[in-house]
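**Q** From the sequence below, what's the structure:
(one chain, ligands or ions: 1)
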Amino acid sequence: MSTSGLDELYREVILDHYRSPHGAAPIDDPNVEVEGHNPLCGDELIMHLDIVDGQIRSMHIEPRGCSISVASASMLAQQLEGASLEDALELKKTFQAIMQGAEWPEGSDPGDLEALDGVKNFPVRIKCALLAWMTLEQALAEYDHDLVGEVVIDRDIEVVTRKS
Ligand code: ZN
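**A** Next comes the predicted model:
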């Protein structure tokens, strides 16, 4: 896809993630495996999580698709390896709100995710950016349904559980 229209600096950040995504290293014995699919763009994502004591100890992702979907998955892996499930859910909620037009809350540290802010101006691409986060939410719900509650996946996105 084209990233034209996004800020030049941000475009570089996105392409860096696209070229060498975080979380590429396989993990030995994941306790959750899910696959997300965004048919509108053809983006696919395999996500494996190793969760121990309420923390994402390690994460493996295999993103395939457009630069925005791959970069978003890579940023997710970059930010959430080692995070608590609560923090992971919180970031997912915040990022989803950003894609719906919100600003980053005062004092938050979006890291490289800030580079995706401009995506909200391209409605067709928002699902590309959200695929990884919807996939994550489903994965966490498989692990701890009480914590996550009812998962409402965007109607255009499909997430399939392979192992839980
Ligand atoms: Zn896409």
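
**Q** ok, the closest residue in space to P26 that isn't next to it in sequence - contacts?
**A** Spatial nearest neighbour of P26, excluding adjacent residues (C-beta to C-beta, 6 or more residues apart in numbering): H60 at 5.3 Å. C-betas here are computed from N, CA, C, even on glycine. In this structure, H60 makes contact with 23-27, 30, 46-48, judged by C-beta atoms under 8 Å, 6 or more residues apart in numbering.

**Q** Sort out which residues of stretch 77-88 are buried, please.
**A** For stretch 77-88, the neighbour count (16 or more other C-beta atoms under 10 Å) marks 77-81, 85, 88 as buried.

**Q** what's the span of it, first residue to last?
**A** 10 Å (C-alpha to C-alpha, to the nearest Å).

**Q** of the contacts of H60, buried ones?
**A** 23, 30, 46-48.

**Q** on that earlier part again, which one of the buried residues of stretch 77-88 is nearest to the ion?
**A** Relative to the ion, the closest of the buried residues of stretch 77-88 is A77; by C-beta to the ion it sits at 17.2 Å.

**Q** ok so, going back, so which two of the buried residues of stretch 77-88 are the farthest from each other?
**A** With C-beta to C-beta as the measure, no two of the buried residues of stretch 77-88 lie farther apart than Q78 and L85, at 17.3 Å.

**Q** what's the spacing between stretch 25-40 and its chain's center?
**A** Taking C-alpha atoms, centre = their mean, to the nearest Å, one finds stretch 25-40 lying 11 Å from the centre of the chain it belongs to.
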